[in-house]
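Novice: No sequence on hand, only this structure:
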């Protein structure tokens, strides 16, 4: 059986019918499309596993004629092999069809705003989001979240294998931390609290407890700008580990993780990748190349004449250029850019002891986008305290966080991936909203806010 | 090796040293306690895996004398078997000790507010929470979150095996849904948005997409009351499945899940259970008993003379009584109470067709507490619409949710467990705050809010 315990005890999934040729089975699902040939009606039935063709005729026609797209039905029928010339290569069950014997209507649907039977939804992104519960049923939109599930699962699996403990940090926080006003305030009884911009401070605290921790945590950014890459609520895949000798142990872990994710997506989601004509990034057999920001800037200057060498960060244009360079030079679509200047990174970033204006930090770039960001953190209490002040923050805002360092913290570091961002990058989606089930932005929370 | 890739390449975990007797190893961790015997210093070193005794003497004494609890160190030393009479049965590595050869200080700690070396922290819950980054390091507090991780992991694993898809629903929502004013408002740019009281509406929508879905989702309750069982932010383990014939398919799934959780906790966390002198609930070999609310009320009346037969729900006292009954009568510490009256359940609850004042809903009770709550939902659009109005809500508030039903939804149902609540119930903790890493309540968000 496809799964251990189907609901509706007799029911099988469409995919399972492939192994039941000549037998009578019970199927259930949605009417994805209907072709009425008068004395015979062909349905594409959609369930969790696949589409499958159902043929209804004779006594069943009376009920079958009522059916409309998205009606929910249960059918008992005979699994028949199709003649070779009628095999449909477009669907996984194209070699068979179901000859209906009984038909039961479990749920009805009103008329649809767009046709779910089309290979690609013919609707604008805005309409797709206005009808999210419906558009998500389209195989192409489902596919995005099957890939997303693989990414999340592989993140957990890889880190568990490396001895990390999963934690559940809070999202309500006492103050707008990590600098910046881009934080949502909550009416917290008669006080104010805030939504966490990331689980950063909590995962660091937890290194003091479990040494290596990870979490899948919702994070919130009140950025007023509208872009195709940002959401106001997203899921961060965060990891943090203690007892490191060098920040390259962090980049190594990030590299192992991203390779595991690509392997898993290729293994579990070949159909979904094909739907988007997507491939996971090309990687060198050995290590993903690494380069200091300054080196990257020299290369960009050399290749384009664009002088970004005094900038503290790369622009999207620079990121594209250095990714192109890595692909040509190293046959790698990903590249680590390291040693960002201290003024461009958060207060907790570890300064390079040999070059203290720069930090032991990195971004993993690919295809002109950021995939992962991370680095080593300051673990000495006094240094951290000094940095907090230097960055213009008040230490009392960080009371809880600072305790972790006051009471002994090993050398540590970590990184973060955005779940929607990675999904988008792998599938080559144009807008991050497509990679979020119910995307939140400045204007939309399901519907336009009043 | 205990794990695939230790950080600090040479390092081994304390637990691994058990297999390295006669060899020189590198360990790293926190000084859990120190016993200074003058010419020789004994340390209990704590790392992710265990405590281990380290013996320092000779040239190492100069640095060793500086050490204080929670200092972070790295030690190279010889793994030696202890003579039988010196074996310490209190720690897993009690049969060995490390004869130090080098000592390196990686991090320092200020003086602690309480002694982490005690078997049980000698501090009030309030102090424990004031020093959360520190108190979580105590083995007894760590243990709670190791059990919690097992619960979360088993929830996912069990549902994946049964064909469920993991989803990541949003926590920012457009309106205070599910009735009740106990919802947190967010300043969302120049508008108001809210924190989800549960992922209920989204998991139901997603049944229309993937049939069977689950999520681990943060949920928020602005209940002003202070109890030992409630948090303002908690993690809900939510499952929802379509294509059911009967709501007993939901109770069966809940039963399989809770049994899997108990099995996993017993397998993976025997040490942790022992620490709390806890056992998972006694269960009958066959099914967990089920009883309608009205039957339970008759039994309670019969046993105690307390007449609760007109009440729409059980009081905590009633819950204790019926759990006691189940234990005596069925040798089961868990019992399903079913068919709650319609007025006591949310608008989406499915009325019993044979007795429409009651519903196809259940609570799984155990040891006088609620463990799981769930039921079948209304899947017919018009009925749902009518219920929304009857419950005094405005349908336009549910635009997105209602689409899922307008466009065809199969018969479906599901349930929810609170992660902190289950952890608390299994370990027999007195206050749910102990089962949350950073508990949020009306007064505390890490620290007392100003």
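Specialist: Arrived safely. From a predicted model like this one, the values you see are computed outputs, not experimental measurements.
Novice: can you list contacts of stretch A:29-41?
Specialist: Residues outside stretch A:29-41 that contact it (CB atoms under 8 Å, 6 or more residues apart in numbering or on different chains) are A:14, A:42-48, A:51, A:55-57, A:61, A:64-65, A:67-73, A:116-117, A:137, B:408. C-beta here means a position set from N, CA and C on the backbone, and glycine is covered the same way.
Novice: My error: substitute stretch A:315-327 in the last question.
Specialist: Under CB under 8 Å, 6+ apart, the answer for stretch A:315-327 is A:282, A:289, A:291, A:296-297, A:299-300, A:303-304, A:306, A:308, A:311, A:314, A:332-335, A:337, A:365-370.
Novice: mind redoing it with 6 Å?
Specialist: Outside stretch A:315-327, the residues that touch it by CB atoms under 6 Å, 6 or more residues apart in numbering or on different chains are A:289, A:296, A:299-300, A:308, A:332-333, A:335, A:365, A:367-368.
Novice: what's residue A:143 in contact with, if anything?
Specialist: Residue A:143 touches A:272, A:275, counting by CB under 6 Å, 6+ apart.
Novice: repeat that for 8 Å
Specialist: By CB under 8 Å, 6+ apart, the neighbours of residue A:143 are A:269, A:271-272, A:275-276.
Novice: biggest helix in chain A by residues?
Specialist: Identified as the longest helix of chain A according to DSSP state H is helix A:139-161.
Novice: Tell me what angle that one forms with helix B:139-161.
Specialist: 150 degrees (axes from the mean of the first three to the mean of the last three CA atoms, to 10 degrees).
Novice: what's whichever helix or strand comes after helix A:139-161 packed up against?
Specialist: Moving toward the C-terminus from helix A:139-161, the next helix or strand (DSSP states H and E) is strand A:165-166. The helices and strands touching strand A:165-166, judged by 3 or more CB pairs under 8 Å, 6 or more residues apart in numbering or on different chains; DSSP states H and E, are helix A:139-161, strand A:212-220, helix B:139-161.
Novice: among the ones you listed, which is the most enclosed?
Specialist: Highest mean neighbour count of these: strand A:212-220, a mean of 23 (counted as mean count of other CB atoms under 10 Å in any protein chain shown).
Novice: For that one, what is the distance to the chain centroid?
Specialist: Here strand A:212-220 is found 13 Å from its chain centre; the criterion is CA atoms, centre = their mean, to the nearest Å.
Novice: and if you look at stretch A:290-298?
Specialist: 28 Å.
Novice: Check what contacts stretch A:77-95 and list those residues.
Specialist: Contacts of stretch A:77-95 (CB under 8 Å, 6+ apart): A:14-15, A:17-18, A:20-25, A:27, A:44, A:50-55, A:96-102, A:271.
Novice: Try it again at 6 Å.
Specialist: By CB under 6 Å, 6+ apart, stretch A:77-95 touches A:14, A:17-18, A:20-21, A:23-25, A:50-52, A:96-101.
Novice: just stretch A:169-189 next, same as before
Specialist: In contact with stretch A:169-189 (CB under 6 Å, 6+ apart) are residues A:192-197, A:199, A:202, A:215, A:217-218, A:220-223, A:346, A:397, B:184-187, B:218, B:233, B:438, B:440, B:442, B:445-446.
Novice: Cheers, nothing more for now.
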